[in-house]
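Novice: coordinates for the following, if possible.
(chains A, B, C and D, ligands or ions: 4)
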Protein chains: 2
Amino acid sequence: MHQKKEIINKLRSSNLRPTKQRILIAKKLFDKKETFHFTAETLNKVVNRKGQTKISLATIYNTVEAFKKAGHIREILTNNSKSYYDTNIKSHHHFYDPETKKLTDIDYQEVILKKIPNPPKGKKIKDLEVVISLQKK
Amino acid sequence: MHQKKEIINKLRSSNLRPTKQRILIAKKLFDKKETFHFTAETLNKVVNRKGQTKISLATIYNTVEAFKKAGHIREILTNNSKSYYDTNIKSHHHFYDPETKKLTDIDYQEVILKKIPNPPKGKKIKDLEVVISLQKK
DNA sequence: ATTCTAGTTTATAATTATTCTAAACTAGTA
DNA sequence: TACTAGTTTAGAATAATTATAAACTAGAAT
Ligand SMILES: [Mn+2]
Ligand SMILES: [Mn+2]
Ligand SMILES: [Zn+2]
Ligand SMILES: [Zn+2]
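Specialist: Residues are numbered from 1 along each chain as shown, chains lettered A, B, ... in the order given. Ligands and ions are numbered 1, 2, ... in the order given. From the prediction side, this is the model:
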């Protein structure tokens, strides 16, 4: 559970002004017991529920991009046409079900990589993602 | 090196009529020493080089989808807005450089998975992909 | 060989996700 | 309180892909 102050600090520490919109979005993303996966579309729905002050879709996209750059969320690999994001920024992996388009976390320790290749020269590894696609048995 | 007959058989065996367009596209994709990665856009450029009979972009998309369904090509996971495909259908992995948007093959044996999780019940594993994103050192 | 038809190709429109634009607004400092 | 750089916003623009429906054709039947 984040306090409003914590959220404001989080924003400030990444050089993002704590605007009304960013604070609300940050609450929806980070003030949860569990991490989760989302798209711009699903976040927009959650943020713009009836009653709440409206936040434009452009701001949803801007904020998601800003939070991603700041490392508060990460993008997940899928073959879907829309971008999927994760509030879990720790290294972990995913099941992906192309039928339901749902992602499920795989705990980091559930995948053990015994050997990985050296990156090409001049490059280092930014991230390693394992995606296991599923199908009906 | 595929002969035209082999290509026609490949098409026939997947219930695809060997049309002029599909044969030409199949040649560009499969009649190569090395496998490679492509997008609808790059394939369209290769197929519609000056002189050659023109194939519509709709047919490029239709054919890529048909070849994918038939298992002759596979889609690769990336965070790019366009779809990437691979003429290498054997299980293998990729480096992805977000700067250049280039994919590089990682030989299957260069990644050793010591442990992978059980799929959720009712589901089986269709595919396991490892994508290693790169950044400047 | 000719006819027939389901499958295929095509130009073009439509759709979808995302990014751009530039005017209005606001957080934070002076 | 006034200022200004950063932010939000509605709406337009873009980019990739998919849908539409008319014209074409592979291949089977005659
Ligand atoms: Mn994606
Ligand atoms: Mn992709
Ligand atoms: Zn996750
Ligand atoms: Zn490959």
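
Novice: backbone dihedrals for A:Tyr108, please?
Specialist: Main-chain torsions, A:Tyr108, degrees, to the nearest 10: phi -50, psi -40.

Novice: chain A: strands as residue ranges?
Specialist: With DSSP state E, the ranges of strands along chain A come out as A:37-38, A:74-76, A:84-86, A:93-97, A:102-106, A:112-115, A:123-136.

Novice: what are the bridge partners for the spatially most central residue of chain A, then?
Specialist: The centre of chain A sits closest to A:Asp86, judged by CA atoms, centre = their mean, with a distance of 2.4 Å. Per DSSP bridges, the residues bridged to A:Asp86 are A:His37, A:Arg74.

Novice: list the contacts for the residue lying closest to A:Gly122 once chain neighbours are set aside?
Specialist: Nearest non-adjacent residue to A:Gly122, counting by CB to CB, 6 or more residues apart in numbering or on different chains: B:Lys137, 5.8 Å away. From N, CA and C alone the C-beta is placed, and that goes for glycine too. In this structure, B:Lys137 makes contact with A:Gly122, A:Lys123, A:Lys124, judged by CB atoms under 8 Å, 6 or more residues apart in numbering or on different chains.

Novice: also A:Lys82?
Specialist: A:Thr39, A:Ala40, A:Glu41.

Novice: got any ranges where chain A has weak pLDDT?
Specialist: Scanning chain A for pLDDT under 70 picks out the ranges A:1-2.

Novice: DNA strand C contacts on that one?
Specialist: Within chain A, the residues that sit near DNA strand C (CB under 7 Å from any atom of the strand) are A:12, A:17-20, A:39-41, A:57-58, A:61, A:65, A:81-83.

Novice: do the longest helix seen in chain A and DNA strand D meet?
Specialist: Secondary structure of chain A per DSSP state H: the longest helix is helix A:57-70. Yes - shown here: helix A:57-70 in contact with DNA strand D (CB under 7 Å from any atom of the strand) through A:Leu57, A:Ala58, A:Thr59, A:Asn62, A:Thr63.

Novice: one step back: any idea how far the residue nearest to the centre of chain A is from B:Pro119?
Specialist: For A:Asp86, the distance to B:Pro119 equals 20 Å [CB to CB, to the nearest Å].

Novice: ok, and what's touching stretch A:69-79?
Specialist: A:10, A:14-16, A:26, A:29-30, A:37, A:64, A:67-68, A:83-89, A:94, A:96, A:98, A:101, A:103, A:129, A:131, B:75, B:77-79, B:83, B:129, B:131.

Novice: any idea how far apart the tips of it sit?
Specialist: The separation between the terminal residues of stretch A:69-79, taken as CA to CA, to the nearest Å, is 22 Å.

Novice: can you give me the buried ones in it?
Specialist: Within stretch A:69-79, the residues that count as buried by 16 or more other CB atoms under 10 Å in any protein chain shown are A:His72, A:Ile73, A:Arg74, A:Ile76, A:Leu77, A:Thr78, A:Asn79.

Novice: ok, now stretch A:128-137?
Specialist: Within stretch A:128-137, the residues scored as buried using 16+ other CB under 10 Å are A:Leu128, A:Glu129, A:Val130, A:Val131, A:Ile132, A:Ser133, A:Leu134.

Novice: near chain B, which residues of chain A show up?
Specialist: Neighbours of chain B within chain A, by CB under 8 Å from any CB of the partner chain: A:75, A:77-79, A:83, A:95, A:97-98, A:104, A:106-107, A:110-117, A:119-120, A:122-137.
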